[in-house]
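# Need coordinates for the following:
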Amino acid sequence: MKKLIILLILTILVSPAFAQVDTISFAKERQELRSFIHDPALIAKANCNDLIMVGAKGDISFSTQQTKGSQDNQKLIFKSVKTIPGSEYIRIYNATTAVINWLAAVQLNVAGQDIAIKVRRLEVYVKKDGSWCRVAGQGTQVDEMMFPNPH
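You can find the predicted model right below:
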């Protein structure tokens, strides 16, 4: 009997670890956020004043201006950033905070050389005064030989 009770308690404690991520709730908010990552012009306008960004090389910025300055220092020019359809994972908490993970196909120019890469983005948005704004973002270049794109 003691073993059965212990097994039951362990099952209850471990079960939440295997729960699926909610990808259905907050449909309106989910669509608003999806529009940001599919339109680079909207993303740029969605930055909060207390933004923190980490670039693919580990550089850190605390504002949109610092992010732009870091790109200028690296002689980096983004030509296009396109969300790979089906790669978006959007989690929303209390309709006021969202964590988004997505894969981008990026065309850029670095010191005069054109480059095409894939970047895995992780972004955090909060709702302030009825609008979403990005408070954090981080991008990691994907090694496509090690991690082929499933999308």
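
# Tell me, please, where in this structure the pLDDT is lower than the cut-off.
1-21, 23, 147-151 (pLDDT under 70).

# what ranges do the helices span in it?
For the chain, the helices defined by DSSP state H cover 2-14, 27-37, 40-45, 64-73.

# start to end distance for stretch 126-146?
33 Å (C-alpha to C-alpha, to the nearest Å).

# Mind telling me which residue is nearest the centre of this structure?
residue 122 (2.4 Å; C-alpha atoms, centre = their mean).

# The residue nearest to residue 79 when sequence neighbours are not counted: what's it in contact with?
Nearest non-adjacent residue to residue 79, counting by C-beta to C-beta, 6 or more residues apart in numbering: residue 107, 4.2 Å away. C-beta here means a position set from N, CA and C on the backbone, and glycine is covered the same way. Shown in contact with residue 107 (C-beta atoms under 8 Å, 6 or more residues apart in numbering): 78, 79, 80, 81, 114, 115, 116.

# Closest one of those to residue 33?
Closest approach between those and residue 33, by C-beta to C-beta: residue 81, at 16.1 Å.

# ok, what's across the strand from the closest one?
Taking DSSP bridges as the rule, residue 81 bridges to residue 106.

# Can I have the buried ones of the contacts of residue 107 as a PyMOL selection?
To isolate the buried subset of these in PyMOL, counting by 16 or more other C-beta atoms under 10 Å, use the following:
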select buried, resi 81
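
# Please identify which pair of the contacts of residue 107 lies farthest apart.
Pairwise over the contacts of residue 107, using C-beta to C-beta, the maximum falls at 81 and 114, 14.4 Å.
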